[in-house]
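[1] Test case, fold it:
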Amino acid sequence: MKTLLLLLLLPLLARAHVGSPNVFFEGHAGPHAVRVSIRPPAAIPGFAQVDVRVAEEGVRIVSVQPAFQGAGAPTAPEPTLATAVAGDAHLFNASIWLLRRGSYAIHVAVESPRGSGTVAVPLQASALSRPEMPPALGAVLSILGLVLFASAVWIATAAVPRRFTALAATLLLGGALTGGAVRWRKMDREFRSNALAQPRAVSASVRTAGSTHLLQLTRDASTTTTWDTLAADHGKLMHLFLIREADGNAIAHLHPVRRDGQTFEGVLPPLAAGAYHLYGELTYETGSNETLVTSVTLPSPLGVPAQTAVNMANEVWCQSPPAPVGNAAQPFALDADDSWHAGPRPAQPRTSPLMGGSRMVFQNAGDFIANRETTLRFAVFDSRGEAVALQPYMGMLGHAVVRHDDGAVFTHLHPLGTISMAAQEMLTPRAATPAPPPPGTHEVTFPYAFPRDGDYRIWVQVRINTRVVTGVFDVRVR
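    Residues are numbered from 1 along each chain as shown. The predicted model follows:
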């Protein structure tokens, strides 16, 4: 009975970043600079909490409206007015009802004397956790169930006062309860396997083609969906990350090509042999996202593989050529935006040496608190302490990867936040293209909130002097 009551509340399938379900966006709603944080509900249907921080004062109205992908504008609910948070004139909060799983565009509208504007933030609604019944409630329901069982046997015996009536009623009711328990356990297993928001497990293997190692990812043939309907995000169908399992002292950010609806393949950079965690990110034409996870053992490199641009030590030139958005032949060279880094743990927690003699400084001061919103700030300086101008890397000032030491949290961050720009463009076809970063800036920022306490490692990738370099930082979150 306890399992039955739980399963009546179960929602459906969706995907998310590993262990980091909240959505962060930093951009503009018309003339207004805003930061939007969305905390999705644990179960669908349920309420999502939306915080909107507006940089300026004097904002009159902030409203939030969820629009389900594919349902059409007329079906969207009326916008919900966000209320100002006491003690903070720049922060507004709203609760919005999400009825079903799937992709939403969360429209945030801001109105002030300067004008009005709207921005859409993509959200993928899903079940985040398995519902758990409080022990006290479970005990009460168990006692009530026993009372109902005994009452049913007593009623049957009173109605048909024969010798074996009580035994027959007990066996019949016990068999019905046992069958029901088996049925609900099966449904619970199906929910754990198919309905919880969780990354998709894939198969990874390495094969050799001539003098090159190729990493191949294969989708489970038992799944009903394929990789035929993907959309390019930052010009790539897949963003793939390899992180060395033993110490985290090697990372690669790669962009394999799609061979067919079940397979991706890419050239491996010369990473040290060993076991690696693998994370992949995909965006579908529906606006939904998928995170792929597995482990793979890499062999010793055969040498430095060819690239679509000049190789520079263990980083690459970034030319950003057009990437194949359909199926492609076997790759024979690294993508021009592929990059990798290897090195020991940083000696200083807030300063990371970069290849070429520059250094990256983690500018945040003070402690980090779990589930407290912040802006991660990084700046690049040369060996003389002079600021080094950042160049766009795949259309933005930088990329960051945040990973908990135990692997329970993995997040790929952009200066816009955790959202997929491809999903935003699909859900809001008329959305304005983000303005290019100002020339000469040496800083890059990422909105985020660490979802749990513990030790994290952050890798920050930026482009300076046409080369992609990686800063590495270890932080502890209280």
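[2] in what helix or strand does residue 147 lie?
    helix 135-159 (DSSP states H and E).
[3] tell me which residues in that helix are buried?
    Residues 138, 149, 153, 156-157 are the ones in helix 135-159 that count as buried (16 or more other C-beta atoms under 10 Å). For every residue, glycine as well, the C-beta is placed using N, CA and C.
[4] and it, how far out from the chain's middle?
    45 Å (C-alpha atoms, centre = their mean, to the nearest Å).
[5] average model confidence for that helix?
    The average pLDDT for helix 135-159 rounds to 85.
[6] other SSEs contacting the helix or strand following that helix?
    Going down the chain from helix 135-159, the next helix or strand is helix 165-194, by DSSP H and E. Here helix 165-194 touches helix 2-7, helix 135-159, going by 3 or more C-beta pairs under 8 Å, 6 or more residues apart in numbering; DSSP states H and E.
[7] In a markdown table, list those along with distance to residue 259.
    Below are the helices and strands packed on helix 165-194 laid out as a markdown table (distance: least, C-beta to C-beta, whole Å):
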| stretch | distance to residue 259 |
| --- | --- |
| helix 2-7 | 40 |
| helix 135-159 | 50 |
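[8] Wait, a strand at residue 20?
    No - using DSSP: H, G, I helix; E, B strand; the rest coil, the secondary structure at residue 20 is coil, not a strand.
[9] Could you report the neighbour count for it?
    Counted with other C-beta atoms under 10 Å, residues neighbouring residue 20 total 23.
[10] same question, residue 411
    25.
[11] Next: residue 63.
    18.
[12] Quick check: which element contains it?
    Residue 63 belongs to strand 61-68, assigned by DSSP H and E.
[13] cool, and residue 43?
    Short version: residue 43 belongs to no helix or strand, going by DSSP H and E.
[14] Assess the claim that it and residue 126 are in contact.
    No - between residue 43 and residue 126 there is no contact under C-beta atoms under 8 Å: 9.4 Å.
[15] Mind checking which of these two has more residues around it?
    Neighbours around residue 43 and residue 126, counted as other C-beta under 10 Å, are more numerous at residue 126. The numbers are 25 against 16.
[16] What distance do you get for the more buried one to residue 22?
    13 Å (C-beta to C-beta, to the nearest Å).
[17] okay, and the common contacts of these two?
    residue 40 (C-beta atoms under 8 Å, 6 or more residues apart in numbering).
[18] picking up where we left off before, report the strands that pair with the strand holding residue 63, each with its relative direction.
    If you go by DSSP bridges, strand 61-68 pairs up with strand 80-81 (antiparallel), strand 102-112 (antiparallel).
[19] Of those strands, which stretch is the most buried?
    Of all the strands paired with strand 61-68, strand 102-112 has the most neighbours on average by mean count of other C-beta atoms under 10 Å, namely a mean of 22.
[20] If I look at residue 234, what pLDDT would I see?
    83.
[21] same check, this time on residue 206
    For residue 206, the predicted pLDDT is 97.
[22] so how many other residues sit close to it?
    13.
[23] Adjust the sequence numbering to begin at 41 for everything that follows.
    Sounds good: first residue 41 from here, last item residue 246.
[24] tell me which element residue 441 is part of?
    strand 439-444.
[25] Which elements pack onto that strand?
    Using 3+ C-beta pairs under 8 Å, 6+ apart, strand 439-444 sits against strand 279-284, strand 290-294, strand 450-453, strand 494-504.
[26] Among those strands, which comes closest to residue 67?
    Residue 67 lies closest to strand 450-453 among the helices and strands packed on strand 439-444, at 14.1 Å (C-beta to C-beta).
[27] Residues contacting the helix or strand following that closest one, please?
    Downstream of strand 450-453, the next assigned helix or strand under DSSP H and E is helix 461-467. With contacts defined as C-beta under 8 Å, 6+ apart, helix 461-467 is touched by 107, 109, 143-145, 160-162, 271-274, 323, 325-329, 435, 454, 471, 474.
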